[in-house]
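Asker: Okay, structure incoming, though there's no sequence with it:
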């Protein structure tokens, strides 16, 4: 390894850490031939010598659409250990690798793989090497990404290599990467001279120039330099290498060339099948002698009973150089030989076809439909795509491409979804296909630009789908348009347009999707009716979709208690099914928990939701839970953490077009300034959220900031201005009598009241507050005490100040708790410092683990709930015990209770929510 000292230093450090039980993951990326595979081979050899078990796999273009193909290959060395896993994990892996069973949810497979690797790593450190990641099938790639995020407490190191740096540009928590660049000139010269010491000076200089520091070029170009010197001048580097590889097949026998072409067309086929295909094509026996020729020519290596090209460019060179006739014949022969694997057979039949073939297209479409019925969406994608290429009718072709894009979108493969959408002829779309296309594109890439036009287009497309009779597609698209009305705070015109379209359908007024669309679109018009219907509804608590619809609809109205309850139920259901994207969405219920004073639970859920949103690409969810995490940190007095998260939120690409997140960010800005003793800045920041011309304005969610605005106004001496900003609140609260509006009106009328009515206003406000709004109640007690002190009624002030202090202590709102203590001392009553509670000592995830362990769950059960390894659970508990001053699991419940003032937390997650 010449010139790769720094790269090897990084890899060796990661190996050493993994050997010590501190796992990691790394993506190596660089151009073809730059040395990625050589680095993997070197680190693999060193790992084996160091006592690691090495698992390896490489992506192959022909298996890009075969679900779990790469994962099955990667896990072959540990396949015997699958039988030792708990039954759910065994079943998930068996179904994933079966051609006939229904495909399990991807994250059920991922958790099974994580547990398998964790158990193996407990016996021997593991190194997973995955080359050509760009050609790994999407389900295998998702599993690897899942495991890579959870190796920190395991003796597992995952190193992947790819030609391109493919991490999602939205993802702030992308996998660590190591770029591999061309060799510097001295290193390039050393490598060239080591492999070809007898080159003439002109050829040596030409190769150094044309190789551009690419190690593969420096090794391979000299082998054909005399024959190719004239052509080297005009070709791009990759093509030069391909020409050099292809030229090396000129000296082998026709049978060997046929074998190599068959291998290029189906790289993972067993050797005996490749020899059969080559023999059929040559019409004479092609024997192991042809294999030996290919090995001696330096084109392939024999690994076990499988032939492998020494470099992917060798495969593309041989395939590209073959004539069209030879390629078609080879694919047809492979299809005949693969009658036992219909998936492979159909794809090769399609590759063997020139022009249109309606019969084959129908077979491919039938295969795709059968795959969809078994939940094998990744298998359906190439079948629909190939069928589209074989049909004559342009509109039919577009319909099949839309079907392929829908399936790719369902497996979260955004890159291929967009490629398929780009190939569709939009002018040929009917109204139903146009609606389905808009659903897919909305899922593939939520673009915030020109929101009102986009909402209008979605509503019109939903209308077209409804008129064709497909209510399911129409409802899905209208719900997405309505959700944008909330996230992007649609103007009155598009909100009215969406609501009117729903009314045109004459829907069941109690249907969850109908209630949610009305809550999203016209909360001030429909809010009172929706709340009344929600009160009367008796929904199925075991239906995650219904729970999520109703919970999210309640949340946008400010019906906080109901939102938290329904979204918690939805989260439990999605958790039990391993549906992490949907779970991330339901963990948005951490936001309403803040207003219920459940700061610890909100911290735990927003932290988990953030990690899952990054993992599943749910970037709208990411904005919401990041904002919630920042708000919780501010309320807990964790100023640096709040400011850091706020900066990350504002830096996100989608943030500028999302008022629902912007208003939350402004709330955090205002609270941080208020807690820091800068009331004027606080008031100015919060007042911006009430200015319709300001980008932080949200027509509904701004009312959650009304108590904060009132606090800042009193501190800054801007009470009159605040009253003017809040002038329309009573009328809107009458039209939308949700908890949010009741609190906003009651709280501000008390805190901003003139002195002659303030006393009775505080009494009325405390009576009006919803039962669960603990934080607002404590804040009202605090302000009532402050008002009494300003009027020199110190003795009367002690009781509300004491109530405020105790409640702030209980929920963990430190800045307000300290203010209450300070005011209580000023009122003549001593107040001891707050005792440290559990959440001060444990991280959000540690708190989750401690609570679940205290409820009697095993490490495996906790791991299944939180989608982490049971070994990671054990490592966390090992760190938790000394922080709580205990030595065993049996004392957890008592320790948690004692640190929370002797009473159990009312907001703890329970073990049976799934």
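Answerer: Nice, I can see it. Keep in mind it's a predicted model, so treat the numbers as computed, not measured. Numbers count the residues shown, from 1 in each chain.

Asker: what secondary structure does the residue located most distally from the centre of the chain sit in?
Answerer: Computed with C-alpha atoms, centre = their mean, the residue of the chain farthest from its C-alpha average is residue 792, at 55.6 Å. Under DSSP: H, G, I helix; E, B strand; the rest coil, residue 792 falls in the coil class.

Asker: Look up phi and psi at it.
Answerer: Note on residue 792: backbone dihedrals following degrees, to the nearest 10 are phi 60, psi 30.

Asker: And the pLDDT for it?
Answerer: Looking at residue 792, its pLDDT stands at 90.

Asker: Now tell me which helix or strand of this structure has the poorest mean pLDDT.
Answerer: helix 225-228 (a mean of 54; mean pLDDT, DSSP states H and E).

Asker: re the thing from before, I'd like to know how far the residue farthest from the centre of the chain sits from residue 824.
Answerer: Here the distance between residue 792 and residue 824 works out to 16 Å (C-beta to C-beta, to the nearest Å). Glycine gets a C-beta too; all of them are placed from N, C-alpha and C.

Asker: Okay, now the unreliable bits of the stretch 401-550 of the chain?
Answerer: Using pLDDT under 70 as the threshold, the predicted model of the stretch 401-550 of the chain has low-confidence ranges 444-446, 448.

Asker: All the helices of it, in order from the start?
Answerer: Using DSSP state H, counting those that start in this stretch, the helices found in the stretch 401-550 of the chain span residues 414-423, 431-444, 451-468, 471-487, 492-504, 512-521, 523-536, 544-557.

Asker: would you list the ones you listed in a markdown table and tack on mean neighbour count and distance to residue 314?
Answerer: Formatted as a markdown table, the entries for the helices of the stretch 401-550 of the chain read as follows, by neighbours: other C-beta atoms under 10 Å; distance: least, C-beta to C-beta, whole Å:
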| stretch | mean neighbour count | distance to residue 314 |
| --- | --- | --- |
| helix 414-423 | 18 | 25 |
| helix 431-444 | 21 | 34 |
| helix 451-468 | 20 | 47 |
| helix 471-487 | 23 | 46 |
| helix 492-504 | 18 | 55 |
| helix 512-521 | 26 | 54 |
| helix 523-536 | 18 | 62 |
| helix 544-557 | 25 | 49 |
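
Asker: which one of those helices lies closest to residue 194?
Answerer: Of all these, helix 414-423 sits nearest to residue 194, with 39.0 Å by C-beta to C-beta.

Asker: As TSV, the helices of the stretch 401-550 of the chain with distance to residue 374 would be great.
Answerer: Written out in TSV, the entries for these read as follows (distance: least, C-beta to C-beta, whole Å):
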stretch	distance to residue 374
helix 414-423	20
helix 431-444	21
helix 451-468	26
helix 471-487	20
helix 492-504	35
helix 512-521	27
helix 523-536	37
helix 544-557	21
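
Asker: closest one to residue 31 among the ones you listed?
Answerer: Comparing those by their distance to residue 31 (C-beta to C-beta), the top pick is helix 414-423, with 19.0 Å.

Asker: hmm, back to that, helix or strand right after the least confident helix or strand of the chain?
Answerer: Moving toward the C-terminus from helix 225-228, the next helix or strand (DSSP states H and E) is helix 237-247.

Asker: What are the buried residues along that next one?
Answerer: By 16 or more other C-beta atoms under 10 Å, the buried positions in helix 237-247 come out as 237-238, 240-247.

Asker: Dump these into TSV; add pLDDT and distance to residue 21 as well.
Answerer: Output for these, formatted as TSV (pLDDT from 0 to 100; distance: C-beta to C-beta, whole Å):
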residue	pLDDT	distance to residue 21
237	62	42
238	67	41
240	70	46
241	74	41
242	75	44
243	75	48
244	73	45
245	76	43
246	75	47
247	74	49
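
Asker: Return the member of those residues nearest to residue 419.
Answerer: Of all the buried residues of helix 237-247, residue 419 sits closest to residue 238, with 20.9 Å by C-beta to C-beta.

Asker: that older thread, tell me which of the helices of the stretch 401-550 of the chain approaches residue 573 most closely.
Answerer: Ranking the helices of the stretch 401-550 of the chain by their distance to residue 573 (criterion: C-beta to C-beta) puts helix 544-557 first, at 3.7 Å.

Asker: Specify the angle between that closest one and helix 471-487 in degrees.
Answerer: Orientation note: helix 544-557 sits at an angle of 30 degrees relative to helix 471-487 (axes from the mean of the first three to the mean of the last three C-alpha atoms, to 10 degrees).

Asker: ok and helix 544-557 relative to helix 523-536, angle-wise?
Answerer: 130 degrees.

Asker: packing partners for helix 544-557?
Answerer: In this structure, helix 544-557 packs against helix 512-521, helix 523-536, helix 560-577, helix 580-586, with contacts taken as 3 or more C-beta pairs under 8 Å, 6 or more residues apart in numbering; DSSP states H and E.

Asker: hmm, who's touching the first one?
Answerer: With contacts defined as C-beta atoms under 8 Å, 6 or more residues apart in numbering, helix 512-521 is touched by 475, 478-479, 482-483, 485-486, 490, 495-496, 498-499, 502, 507-509, 526-527, 529-530, 533-534, 537, 539, 545-546, 549-550, 552-554, 556-557.

Asker: Report the distance from it to the chain centre.
Answerer: Shown here is helix 512-521, whose average C-alpha point lies 26 Å from the average C-alpha point of the whole chain (C-alpha atoms, centre = their mean, to the nearest Å).

Asker: ok and it relative to helix 492-504, angle-wise?
Answerer: Using the same axes, to 10 degrees, one finds that helix 512-521 and helix 492-504 are set 160 degrees apart in direction.
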